[in-house]
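Participant: model the structure of this input:
(one chain, ligands or ions: 1)
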Amino acid sequence: MHGGAERAVLQVARARGLEPADLVRRAERDEQLRQDLVNHITVGTTWFMRERAALAELIGQLVDAKGPAGEVTLWSAGCSSGEEAYSLAMLARVAGLKPRVLATDVSTRSLRRAIEAVYPEDVLTSLPRGWAEEFFEPAANDRVRIAAAIRRDVVFEVHNLAHADGPPRGWQRFDAVVCRNVLMYFPKDKAVEVVRHLLRCCRGGGFLLLGPTERPLFWAQIEDESASASPVIEVDSQRRVRRKRPTRHPPSVQASPPPAEVADGALARRLIAASQLFKGGRHTDALAALRELAHEHPNSAPVHLEWGLCLKRMGRAREAVHELRVAAALDPVGWLVEYQLGTCLESIGEAAEARSAWAKALRRLESGARSGHILEQEDLAMLAETVARLCRMKLARG
Ligand SMILES: C[S@@+](CC[C@H](N)C(=O)[O-])C[C@H]1O[C@@H](n2cnc3c(N)ncnc32)[C@H](O)[C@@H]1O
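Facilitator: Numbers count the residues shown, from 1 in each chain. Here you go, the predicted structure:
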């Protein structure tokens, strides 16, 4: 059994006063119990207008394809608590389109929150001007609710991408499918299979929008000769796949993630400031600052690494694993992120995966790979020696 699943079984078994083996036996017959386990395993980190440039590019392409006031059918696959689906609906409305959005997730707990559509008031700060008044209404306890008109644009359904072999029942092909930050938990072969399935769910001329961690799965499988990278993938009328050249925004990602570096001095300074907030005990402020940075730099591995480290230090290991996986996908040569991912995985009982992360970190260290981090080069060199020693020790433990 997968380590995360094992841990979820232990937690749910403890909560219900059952032996883990009994719980597993019962779960085979009991749908509700299975769902409780799924709700425990999944991580739903998300926010409104995540990777805003990619969403805007997609909507721009849809306007070009459909004309103003066109009707569009969109699917947010792995929608978590609904922010992505509502962002799509709002962007489409602002562009004059008439959206119909299907939003699916395997976690019923996340879907309940999505349908409720109530969020903390501070989500408004990251939205474009005027949206708060247009698309939100006040709710109790300093919270806000998505306005009814936008709620009506979105339909939520339970759906497991791992079992999917067609669009969700009752839905035909989509003008665009959006699947972001979902597939890093799938074994690679399965993830590639899901990407193929999602492509089949796009109508001819439709788009598939993937997240930074999903994109390499796509590029790994589908040949494409165009030189420029774009997050938007088009399915042409013969249902062949090609990347669409960006028309409005510069590409926000490379086909394969570049090695991570803190090249941008301003970004580095803000990362250091967030890390100092954390060290000064202002954990919530540090997390808020990192979240904002991730907003602005969704493809920056150092941002996700720092975020993961803060979560790890706060004991929020499962969320930390999520952020560190994002960082690892964005930084294919990083040793620090693999080392930290290993220790987090170990703390949540995923021993085999932890070993594989440490082995990767060690291979990279031994081959002299650098790692993008906010530390000075000298400190990083010392850290490299320590991390290599720790990896060897951990791997020798057998
Ligand atoms: C990190 S959230 C991403 C949310 C949103 N797409 C975004 O990018 O902000 C990942 C979501 O994928 C969902 N998920 C994980 N495995 C899934 C599966 N097999 N089928 C459908 N959804 C899944 C999780 O429940 C979680 O809500």
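
Participant: so where's the longest helix in the chain?
Facilitator: Counting by DSSP state H, the longest helix found in the chain is helix 377-396.

Participant: just checking, what packs against it?
Facilitator: On a contact count with 3 or more CB pairs under 8 Å, 6 or more residues apart in numbering; DSSP states H and E, helix 377-396 meets helix 336-347, helix 351-366. Every C-beta, even on glycine, is put in place using the N, C-alpha and C of the backbone.

Participant: that helix to helix 351-366, inter-axis angle?
Facilitator: Counting by axes from the mean of the first three to the mean of the last three CA atoms, to 10 degrees, helix 377-396 lies at 140 degrees to helix 351-366.

Participant: okay if I get the helices and strands packed on helix 377-396 as CSV plus mean neighbour count and distance to the ligand?
Facilitator: Shown next, in CSV, are those (neighbours: other CB atoms under 10 Å; distance: least, CB to the nearest ligand atom, whole Å):
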stretch, mean neighbour count, distance to the ligand
helix 336-347, 25, 16
helix 351-366, 19, 16
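
Participant: pipe the ones you listed into CSV and attach mean pLDDT per row.
Facilitator: Formatted as CSV, the helices and strands packed on helix 377-396 follow (pLDDT from 0 to 100):
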stretch, mean pLDDT
helix 336-347, 92
helix 351-366, 90
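
Participant: re the thing from before, any idea of the angle the longest helix of the chain forms with helix 336-347?
Facilitator: Here helix 377-396 runs at an angle of 40 degrees relative to helix 336-347 (the same axes, to 10 degrees).

Participant: mind listing what's buried along helix 377-396?
Facilitator: 380, 383-384, 387-388, 390-391, 394 (16 or more other CB atoms under 10 Å).

Participant: same check on stretch 112-128?
Facilitator: Quick answer for stretch 112-128 (16+ other CB under 10 Å): 113-114, 117, 119, 123, 126-127.

Participant: in space, what's closest to His295 - neighbours in sequence excluded?
Facilitator: Once flanking residues are discounted, His295 sits nearest to Ser126: 6.1 Å by CB to CB, 6 or more residues apart in numbering.

Participant: same check on Leu341?
Facilitator: Nearest non-adjacent residue to Leu341, counting by CB to CB, 6+ apart: Leu324, 4.2 Å away.

Participant: the closest residue to Arg180 other than its chain neighbours and Arg269, how far apart?
Facilitator: Of all residues not flanking Arg180 in the chain, Gly211 sits nearest, at 3.0 Å (CB to CB, 6+ apart). Per CB to CB, to the nearest Å, Gly211 is found 27 Å from Arg269.
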